[in-house]
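K.L.:
Got a sequence here, can you build the structure:
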Amino acid sequence: MAFIRQNAIKIWKKERRVKRSLFLIMAVSLSLLILSACQPVVSESTITLGPTVISTAPSTQQTTVQPTTSQRTTRPTEPVRELLSPADYGTFSSGHTLQLPAGVWFDSSEVSTLNKVTNLVVTSSGQGKPTLSSSDEGKPLLSLQGCANITFRQIRFGFDRPDWTGRQVPDFSTLVEVRDSNSILFEDCEFFGSAGSAILLNSSENIVLRNCTFYNHAGQPLKTGDAYLPSQLRVSDSLFETVDSGPLVLHVRDSSFDRCVWIGRKGYRVPVASDGQQTGFMPLDLTQLLRRVLAGRIDYFSDERKNLTVRDNLFTSDEVFALFEQMEQTLPALLPANAIAWSLSGQKSEEAPQGSALDPTLGLNLSLRVKVDTPDSAANSSSPQQTPAPQLPAPLYDIQRLLADLQDLIRIEGKLDPLLTGNLFLKLSDQNQNQLLSLALPLDELDRWLDISRPDFLLEHGQIVLYNQDLIPADFCQRDNAGSFAAAHILPVLRPAFDILSSPLVLNRDDQIFYLENDLFYQGTQVAGGVAEHQFLHQLTWTSAEGQLSDAGNTRQIRTLIAISADAMNKTMISTEGDRLAFQLADQELADQIRQLLQQGTWTTEQDDGSILYLQTVSTWTMEQTDCLPLFLIDQKQDLIDLRTVLYDLQCRPVLVNVSLIREEESWTVHSVSPLNGA
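P.N.:
Reported below is the predicted structural model:
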């Protein structure tokens, strides 16, 4: 299948405004847009914890990338010509300014290693750009080691080769390698044709990319090495064109991408900061935020540790770029006044099941701002001259107010591009910018689904997810027995039952320091068919303080999904390792007995390979008054209790275990301890 692709992209800056031009060669008809995008089913929900993001603000004042049919003049299209020696024009030495003639290709192999070079400027002597290349693709074109204050301006780095056709198995080559260096500037440069990555960073500070273009790489445009110390990267007004899609994990700190464009095939690359742990450990990263987004803008995002910040970046799959650019001009006029963000929904390659084709449906993501009552205002809504009669508090927000706030959306039905045949995914936030709820509606049936006289239809099919902990599910289900417990009522019960920690626990084993975090996150309340279910995530993370970043054994995490019916606390479910089990919470007396029993010794179990696993409580390695023992009672009878909890091996790493207790002579004893699924 052919793709709509860019033959040329050039970014420049004029009068303090960023203007990006994208050059397209139309190899197929517009109908192929449908074959290259997707939208998930209505029943899926997006859970976000952490900072708020705006994907695409409904404004006509945004900077946009404009398509044309021009040819890129900078991309090599001819066989590699003779490579000249840059030594004829000067040296790559400290304190020197090297000017290379525009349009000439140079062999950098004889000057490829710069060791402790400082105060060097390499630039073009004309309006065009010289190219640094080589006959040996197995070595970096330039390798900077211990360098400082170096500027590359209007220089091209790369190899003349046909376009990579898709996801390759790249080698480990790179165009430019920067190690243990600081204050390196690449301005108005191009990087192309690498069989691996374009730039590799290792323990380097203040690496600046300004107005640069990356294209036709088999691997990643940017890559960080295995050094313990993170690098610092500042990127602005740059374009990253990739042949694939997915996270671009970078070991960086205090880094940023400003006014950049990310374009890929069947998706796009997404920069994500890593501190050596697995990306998914953070409550929220940019890949989660861009889930189900095939094209959209991020006005602002910063991860929880401020390692990486993104401002005014465009992320788009090249197959839908022209459609998205057209929608930026026409859609804002159709949206209601309380719309704050929108994006084009669809499935990216990394989101599709392995071996499956992308679903060909396109839809629309839309964020709205609405007003809700506060608990105080709802309680004080009666007249001050009268003594209020005892009654249930007024709802903060309910199904009728939701329908009223969505009435303006009916007018967009039938006015969108016919390529959008999927769903309208809505996210609502309140006047304080806190998440309120989400739901999904078919774009071609908005009038029917938003009929204010038939709230039951929306409740039955809309897959509403509540995110405000104070919302009462019964106010949406219109049934008193559908959920009188809000999530805010349940959290104070769950926290002590799972030994939730307010701060990381410091463990000391033979003078080795480890950190243990025991957290509980509210993930939303599913409302469907008049039934409501609260969902929580229990997350226990163990981290070594001194391990090598390449050693995966220095981080371990146990995640348990918890579902609790909104109408009865005894209807509870947990999901770990793919199973789904009913559980109960232990009362305080029983919980104290169980924890005391597990503290009394070391429990052993034989593993599949014949070795013995020794398990004990975390109190062995800490002076804190906590056992960090979450308790899930799976089965409780008069003389038998089966439960699930977490114990710790001799390296004080957490292990999810099943524990059986039996009652003997009016007291409980531990009958067996076994790791879950051989963990």
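K.L.:
where does this protein dip in pLDDT?
P.N.:
Residues of the chain meeting the criterion pLDDT under 70: 1-81, 165-172, 275-284, 375-394, 479-483, 546-553, 566-579, 677-679.
K.L.:
Return the residues in contact with the residue nearest the centre of it.
P.N.:
With distances taken as C-alpha atoms, centre = their mean, Thr287 lies nearest the centre of the chain, 2.6 Å away. Counting by C-beta atoms under 8 Å, 6 or more residues apart in numbering, Thr287 touches Gly246, Pro247, Val270, Val272, Thr279. The way it works is simple: take the backbone N, C-alpha and C, and place the C-beta from them, glycine included.
K.L.:
Cys260 is in contact with Ser238, correct?
P.N.:
Yes - at 5.1 Å, Ser238 counts as touching Cys260 under the criterion of C-beta atoms under 8 Å.
K.L.:
How is Leu358 assigned, secondary-structure-wise?
P.N.:
coil (DSSP: H, G, I helix; E, B strand; the rest coil).
K.L.:
So what's the residue count around it?
P.N.:
The number of residues packed near Leu358 is 21, by other C-beta atoms under 10 Å.
K.L.:
same question, Asp444
P.N.:
Count around Asp444 with other C-beta under 10 Å applied: 15.
K.L.:
How about the secondary structure of it?
P.N.:
helix.
K.L.:
State the distance from it to Leu402.
P.N.:
21 Å (C-beta to C-beta, to the nearest Å).
K.L.:
Same question for Ser125.
P.N.:
In terms of C-beta to C-beta, Ser125 sits 64 Å off from Leu402.
K.L.:
Which of these two has more residues huddled nearby?
P.N.:
Of the pair Ser125 and Leu402, Leu402 is the one with more neighbours under other C-beta under 10 Å, namely 23 against 14.
K.L.:
Confirm that one sits in a strand?
P.N.:
No - Leu402: not assigned to a strand; according to three-state DSSP it is helix.
K.L.:
show me what contacts the nearest residue to Ala487 once chain neighbours are set aside?
P.N.:
With sequence-adjacent residues excluded and distances taken as C-beta to C-beta, 6 or more residues apart in numbering, Ala487 is closest to Gln469, at 4.3 Å. Counting by C-beta under 8 Å, 6+ apart, Gln469 touches Ala486, Ala487, Ala488, Leu491, Tyr522.
K.L.:
His534 is in contact with the fourth one, correct?
P.N.:
It refers to Leu491. No - with contact defined as C-beta under 8 Å, Leu491 does not reach His534; the gap is 9.2 Å.
K.L.:
Check the contact lists of these two and give me the overlap.
P.N.:
Tyr522.
K.L.:
who's more crowded, these two?
P.N.:
The neighbour comparison of Leu491 against His534 (other C-beta under 10 Å) goes to His534, with 27 against 15.
K.L.:
That one sits in which helix or strand?
P.N.:
According to DSSP states H and E, His534 maps onto strand 531-544.
K.L.:
chain center to that strand: distance?
P.N.:
17 Å (C-alpha atoms, centre = their mean, to the nearest Å).
K.L.:
Give me the subset of the contacts of Gln469 lying in strands.
P.N.:
Tyr522 (DSSP state E).
K.L.:
how long is stretch 358-374 end to end?
P.N.:
End-to-end distance for stretch 358-374, by C-alpha to C-alpha, to the nearest Å: 43 Å.
K.L.:
With stretch 337-353 instead?
P.N.:
Stretch 337-353 end-to-end distance (C-alpha to C-alpha) = 38 Å.
K.L.:
Ala486: neighbour count?
P.N.:
22.
K.L.:
rewinding a little: which one of the contacts of Gln469 sits closest to Phe425?
P.N.:
Comparing the contacts of Gln469 against Phe425 with C-beta to C-beta places Tyr522 closest, at 20.5 Å.
K.L.:
so the closest one touches Leu491, yeah?
P.N.:
Yes - proximity of Tyr522 to Leu491 meets the contact threshold set by C-beta under 8 Å, at 6.7 Å.
K.L.:
shared neighbours of these two, which are they?
P.N.:
Common neighbours of Tyr522 and Leu491 (C-beta under 8 Å, 6+ apart) are Gln469, Phe536.
K.L.:
Would you map the helices across this structure?
P.N.:
32-35, 286-289, 321-330, 375-379, 399-405, 446-449, 455-461, 474-477, 487-497, 588-599 (DSSP state H).
K.L.:
Can you check which of those helices gets nearest to Leu615?
P.N.:
Closest approach to Leu615 among the helices of the chain is made by helix 588-599 (9.1 Å; C-beta to C-beta).
K.L.:
Could you export the closest one as CSV, CA atoms only?
P.N.:
Output in CSV follows, covering the C-alpha atoms of helix 588-599 (Å, rounded to 0.1, in the frame of the first residue of the first chain):
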residue,chain,number,x,y,z
GLN,A,588,-8.8,-4.1,61.5
GLU,A,589,-8.6,-6.9,64.1
LEU,A,590,-8.1,-9.6,61.5
ALA,A,591,-5.6,-7.5,59.5
ASP,A,592,-3.5,-7.0,62.6
GLN,A,593,-3.5,-10.7,63.3
ILE,A,594,-2.4,-11.6,59.7
ARG,A,595,0.4,-9.0,59.7
GLN,A,596,1.7,-10.2,63.1
LEU,A,597,1.7,-13.8,61.8
LEU,A,598,3.7,-12.9,58.6
GLN,A,599,6.2,-11.0,60.7
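K.L.:
Quick check: buried residues in it?
P.N.:
In terms of neighbour count (16 or more other C-beta atoms under 10 Å), helix 588-599 has its buried residues at Leu590, Ala591, Ile594, Arg595, Leu598.
K.L.:
these two touch, right, Gln232 and Asn202?
P.N.:
No - in this structure, Gln232 is not within contact of Asn202 by C-beta under 8 Å, at 12.0 Å.
K.L.:
tell me which of the contacts of Gln469 is nearest to Thr118?
P.N.:
Within those, the smallest distance to Thr118 is 52.4 Å, found for Tyr522 (C-beta to C-beta).
K.L.:
now that closest one: how far from Leu494?
P.N.:
10 Å.
K.L.:
Ok, Ile207 next?
P.N.:
Taking C-beta to C-beta, one finds Ile207 at 45 Å from Leu494.
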